[in-house]
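# please find the sequence and the predicted model below.
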Amino acid sequence: MNVNKPSVSQHDAHRRQAYDEPLWWGLFSAGGVCFAVIMPAVILFIAVLLPLGLLPAEALSYERASGLLFSIPGLLFIGAAVCLPLFHAAHRLRHGLFDLSLGNDTLNKKVMYGLAALLSLLALGMVVAGMLN
Amino acid sequence: MSTDHLQTNHFQTKHISVKRYLPDSSAEPYWQQYELPVDDSTSLLDALNHIKEQLDSTLSYRWSCRMAICGSCGVMVNGIPKLGCKTFLRDYEGEIRIEPLSHFPVQRDLVVDMEIFLEHLAAVKPYLIDDNPVKPYDPKAPETYQQSPEQLARYKQFANCINCGLCYSACPQFGLNPEFLGPAALTLAHRYNLDSRDHGTKQRMTELNRHEGVWSCTFVGFCSKVCPKHVDPAAAVNQSKVESAKHTLIALFKG
Amino acid sequence: MQQRDFDIVIVGGGGAGLRAAIGAAEQAREQNTPQRIALLSKVYPMRSHTVAAEGGAAAVTSAEDTHQAHFDDTVSGGDWLVEQGVVDYFVHHAYQELVQMERWGCPWSRKEDGQVQVRRFGGMKTARTWFAADKTGFHMLHTLFQTSLKYPEIERFDEYFVLDLAVHEGAVIGVIALQVATGELTLLRAKAVVMATGGAGRLFRFNTNAGIVTGDGMAMAYRHGVALRDMEFVQYHPTGLPGSGILITEACRGEGGILLNKDGYRYLQDYGLGPETPLGKPENKYMELGPRDKLSQAFWQEQQAGRTGKFGDSDVVYLDLRHLGETYILERLPFICELAKSYINVDPVKEPIPIRPAVHYTMGGIETDPQCETSIAGLYAAGECASVGLHGANRLGSNSLTELLVFGRLAGEQASQRAAQTEWADSRLLEAQADLQQAALARLCDGEGSSESWVDLKHAMVQAMESGCGIYRTEESMQQALNTIRQLRARFNNIRVNDTSKVFNTELLECIELGYGLDIAEASCLGALERRESRGAHQRLDEGLQVRDDVNYLKHSQVFYRGDAHAELRWQDVDTRFSAPAERVYGDAAKGGKA
Amino acid sequence: MDKSTLQRLPPLKRTWWLKHRFFKLYMVREATVLPLVFFILCLLAGMISLLQGPDSWQGWVAFMGAPIVLLLNLLALIASLFHAATFFVLFPRVMPLRIAGRSLPDQAIVAGQWAGVLVVALLFLWLFGRA
Ligand SMILES: Cc1cc2nc3c(=O)[nH]c(=O)nc-3n(C[C@H](O)[C@H](O)[C@H](O)COP(=O)(O)OP(=O)(O)OC[C@H]3O[C@@H](n4cnc5c(N)ncnc54)[C@H](O)[C@@H]3O)c2cc1C
Ligand code: SF4
Ligand code: F3S
Ligand code: FES
């Protein structure tokens, strides 16, 4: 056994090049950074301190919130706190499904990244709509 | 000038259970118990050799150098891949269960079929590629490349892999999909890609930039935990992802 | 039974075997004769024992160094029992082979300016040893293995255990191998065969060698009538770890490590290697950088005088590196630290390492001519299994890794040239010889014969070799060892294995290895007994025989196999065309002299 | 070459990760995205309500205060910190930073990243800490 075998032929290898993976991985990594660096603060303030009433009353009033969100910085914020983390999550969910042998990867990929893209568009769209208002 | 205090020679009896598989006589694996005397210096390999010579000559396993450099003697010890010659029974209390390396087909007892591992190694073109050497080799006036210690340091760690395969047993992605090139092969590719003397990155990329190449790795990281030579294959694989991404981008722009 | 045809078959996947395979492939391309090359190894190539070599590989490198100096060191290191023409060829081809390794990607350690770094080594006048940290053999073997993957004409047969050569009318016609995974025999028909099966250190109880270093190839050639040459010369390495025998490289001393007895005294100055060199300033050929035979002998003397310490059951002396400082030790000798910590729980940065001599290297082997060909046409040998005549009575550290390259390539090229002019033999001839092997295997597994275990025989063998052919030898001890080995050979004929299964039957393999071992052990004992002088690694305590005797024994010993009868010894002249024998001196004693 | 005894193994069972602590931690790491997704969905809902007007916005703030929602978001907070802890140590291994040929110590890079988390939190404090 273990006779030297010519490795997978060049042609074969080419056909199976994963041109899309670098994109998903890049989005995943960027999302991972956002998740780690920004999200702790975002979640703490918006989802914990705010509903508990621990922020000054006017901190996130309707006016202040709309003003902050429907703006260019708001757009960037949504990119970093919604879109990229969504792709991060989609990537991990896709691989998680593979780890648990659920579904098939080609389909999972489409569903996961598709959803992430859809929700991202929705979020960005809402900011733009708010700005136009 | 005495180092006598360093070793104690008290013998102790320990039990180890070995997963046996003898394709000639029984189709199913079974567990077998052995009882043997050990002291502080007894390695698992010493123990297996003791079994083979004194208790049961039918037990089969691989070994050679007994100094953690040839990479032959990988086995699972209580579920974790280890080199038998670098595992000391003094570190284990209670049960010691020895199994063949996971994720590889078992040939017999503790011997697994490493062929797929070698196929994966060969696939990444693990040799220096320099199609256009600055100085063509001339036996009458041989010259070496220049490589500074810093350039050497960039890949040195990744060149320390002894091909023991422990990382393949540790990597669930390889377990889930044996076509995944796996940590050691990808590390070897990265080692050459990082070598200042090499110009083969482009050729290797066609292997690395596949689903079964770097992209199957989800940075579980257990590969680096079990690596007996501190090669850190997880780092190599994930650095390769960055390279693969760059390579794809460049290819995209060049059309 | 499977049969395959190859132009060239190479037995052994260590440094020598891989270099031979690549050499043959290149030669075939050069000749424009497409050739198929089979590379067989009983273990995966990267498990071969070359992987364990630590220190480095020698070649004349710096501008101040000369081929003449490397030649002189090697010749005097070998106590003039070397083939000087061969040494001359070797020193002139050493550098280019190391450069070739560099071009294949070997990660040699470097100087700041990007040039390859060299280090000092025992018995070498100048620093000329290339190294890759303290894992030189590891890096060389992996570089060669990986490079061999470039050559589609090399077909590997990993974990094929070669049982025998097939020889017909004085020419080799193929090999017979056992596929370990299935237990099936495979016949490989060949026009030329290269033996590169490594040494035989496992003949001894206490050694630095891997479990696979059992001298198989030597025995195969020997059984077919090739002489084993200079087998009495077995190198003890002065620094093995107590207990396991794991090697602590000579590079430790090259980098400035010192040897102390239990009183903390640098005892080497009492054995003609002084005067004491200052701490951290090692000097070539002085003190710790004397040759291995002298250092091992000095240990023995200290042991007799009761000045050695104890570690477990072993008498030990101490290798002290502490003055080199942590950073330097970890950069240059990382593997040593790892080994000492794991296997004896000593941190070389903080404590001296207890060490003792251990059998390390087989200077003798399959006799070949300067072109690596044996007395069987088409059969070549290279590496530690061969005796091309480079090492004589004592090998210098770091000459052997270079030897693998220089003579591995030469053997491969020679084999390729021969294969281009030769035809395959009739395959029925091979089949007939394979049937004999099949029968021999069947006999080992038939469950009849004595109830004796081969394990007992093996223990008796290594014990006999150690007590009879150790660092110092006496007529009586050697005679006793020879007698014991001869009895063991007779007993071996009745041995049977317990495990009669086919798949991965390692008991069967070990038993076959023991058979090989006993044959060459006889050759080794016989050579030792008959060499009535002291030279290099062969040191006698007998009255009147404690010195070199060039009048009667400036000769190679050749031992010939005689089946179940006693082996036969002859003497062969030595090639001394360039340098007349002189006294072998080290330390200050060498000053002014030519040595 | 004939290899009757050899075969490729069947892939792992889907419970493979229950076998070892290391793998369980890996799964926890991967699962941190679940509460993250929940939080992002909450955020999206918040955006919709913001578009719909002040009442709707107040309703959303109330919804965020519901114990179960709060609990899940607390979980998301912990998840983000756990994720950060696992993610930061990977960074120096994936992109070893070299300054003048010497690699930066891993601890320094990890500490730098935590400093980043702190800076963002302070920024939020500056933004929301006052009326
Ligand atoms: C611990 C240690 C350190 C050393 N350090 C140095 C050093 O620093 N510098 C130096 O110059 N030298 C050193 N040496 C010596 C040197 O390493 C060896 O002489 C050299 O590696 C031998 O190489 P080889 O290719 O001849 O044999 P090996 O590397 O031993 O290879 C033998 C090959 O033959 C195969 N084989 C054997 N029998 C069979 C069979 N029956 N069927 C099929 N295949 C078979 C084996 O599988 C293996 O592939 C050291 C030696 C030891 C033990
Ligand atoms: S990377 Fe480490 S664990 Fe994996 S094969 Fe190499 S030495 Fe073994
Ligand atoms: S364990 Fe496997 S998934 Fe990646 S980090 Fe190591 S290769
Ligand atoms: S026997 Fe060589 S690595 Fe364990």
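Happy to help now that I have it. Please read all numbers here as calculations on a predicted model, not as lab measurements. Ligands and ions are numbered 1, 2, ... in the order given.
# which residues of the stretch 1-150 of chain B score low on pLDDT?
Where the stretch 1-150 of chain B drops to pLDDT under 70, the residues are B:1-10, B:132-142.
# how about A:Gly79, secondary structure?
helix (DSSP: H, G, I helix; E, B strand; the rest coil).
# go ahead and confirm it touches A:Phe87.
No: between A:Gly79 and A:Phe87 there is no contact under Cβ atoms under 8 Å: 10.7 Å. Where you see a C-beta, it was placed from the backbone N, CA and C, and this is true even at glycine.
# the more surrounded of those two?
Taking other Cβ atoms under 10 Å in any protein chain shown, A:Gly79 and A:Phe87 do not tie; A:Phe87 has more neighbours (26 against 17).
# residues shared between the contacts of A:Gly79 and A:Phe87?
By Cβ atoms under 8 Å, 6 or more residues apart in numbering or on different chains, A:Gly79 and A:Phe87 have no common neighbours.
# ok, the closest residue to A:Phe98 other than its chain neighbours to chain C distance?
If the residues on either side of it in the chain are set aside, A:Phe98 comes closest to A:Asp105, at 5.5 Å by Cβ to Cβ, 6 or more residues apart in numbering or on different chains. According to Cβ to the nearest Cβ, to the nearest Å, A:Asp105 and chain C sit 31 Å apart.
# contact partners for A:Asp105?
Contacts for A:Asp105 were tallied using Cβ under 8 Å, 6+ apart; they are A:94, A:97-98.
# any idea how far C:Glu367 is from C:Gly397?
24 Å (Cβ to Cβ, to the nearest Å).
# residue boundaries of the helices in chain D?
D:21-31, D:33-52, D:54-65, D:67-94, D:106-128 (DSSP state H).
# let's have these in CSV, adding mean neighbour count, mean pLDDT and distance to chain B.
CSV is the format used below for the helices of chain D (neighbours: other Cβ atoms under 10 Å in any protein chain shown; pLDDT from 0 to 100; distance: least, Cβ to the nearest Cβ, whole Å):
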stretch, mean neighbour count, mean pLDDT, distance to chain B
helix D:21-31, 16, 97, 5
helix D:33-52, 20, 97, 12
helix D:54-65, 15, 95, 33
helix D:67-94, 18, 96, 4
helix D:106-128, 15, 94, 10
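# tell me which parts of the stretch 51-200 of chain B are close to chain D?
Contact residues, the stretch 51-200 of chain B versus chain D (Cβ under 8 Å from any Cβ of the partner chain): B:79-80, B:103-105, B:107-108, B:113, B:115-116, B:150, B:172, B:175-178.
# how about a cut-off of 10 Å?
The stretch 51-200 of chain B has residues B:78-80, B:102-108, B:112-113, B:115-116, B:148-151, B:153-154, B:170, B:172-179 near chain D, with proximity defined as Cβ under 10 Å from any Cβ of the partner chain.
# again with chain C
Checking chain C against chain D by Cβ under 10 Å from any Cβ, the hits are C:2, C:4, C:157, C:179, C:181-184, C:186, C:502-504.
# just the buried residues of those residues.
Neighbour-count burial (16 or more other Cβ atoms under 10 Å in any protein chain shown) applied to the residues of chain C next to chain D gives C:4, C:157, C:179, C:181-183, C:186, C:502-504.
# circling back: distance to ligand 3 added to the helices of chain D, as TSV?
Below are the helices of chain D laid out as TSV (distance: least, Cβ to the nearest ligand atom, whole Å):
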stretch	distance to ligand 3
helix D:21-31	9
helix D:33-52	17
helix D:54-65	37
helix D:67-94	9
helix D:106-128	16
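# mind putting the ones you listed into TSV with distance to B:Ala123?
TSV is the format used below for these (distance: least, Cβ to Cβ, whole Å):
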stretch	distance to B:Ala123
helix D:21-31	26
helix D:33-52	32
helix D:54-65	52
helix D:67-94	23
helix D:106-128	31
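# wait, which of these is closest to ligand 4?
Among those, the nearest to ligand 4 by Cβ to the nearest ligand atom is helix D:21-31 (22.8 Å).
# which elements pack onto the closest one?
helix A:84-99, helix B:222-226, helix D:67-94 (3 or more Cβ pairs under 10 Å, 6 or more residues apart in numbering or on different chains; DSSP states H and E).
# can you dump the C-alpha atoms of that helix in PDB for me?
The C-alpha trace of helix D:21-31 is given here as PDB (Å, rounded to 0.1, in the frame of the first residue of the first chain):
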ATOM      1  CA  ARG D  21     -14.900  18.800  27.700                       C
ATOM      2  CA  PHE D  22     -12.900  20.600  25.000                       C
ATOM      3  CA  PHE D  23     -15.500  19.900  22.400                       C
ATOM      4  CA  LYS D  24     -18.400  20.900  24.700                       C
ATOM      5  CA  LEU D  25     -16.700  24.300  25.100                       C
ATOM      6  CA  TYR D  26     -16.300  24.500  21.400                       C
ATOM      7  CA  MET D  27     -20.000  23.900  21.000                       C
ATOM      8  CA  VAL D  28     -20.800  26.600  23.600                       C
ATOM      9  CA  ARG D  29     -18.500  28.900  21.700                       C
ATOM     10  CA  GLU D  30     -20.300  28.200  18.500                       C
ATOM     11  CA  ALA D  31     -23.700  28.500  20.200                       C
END
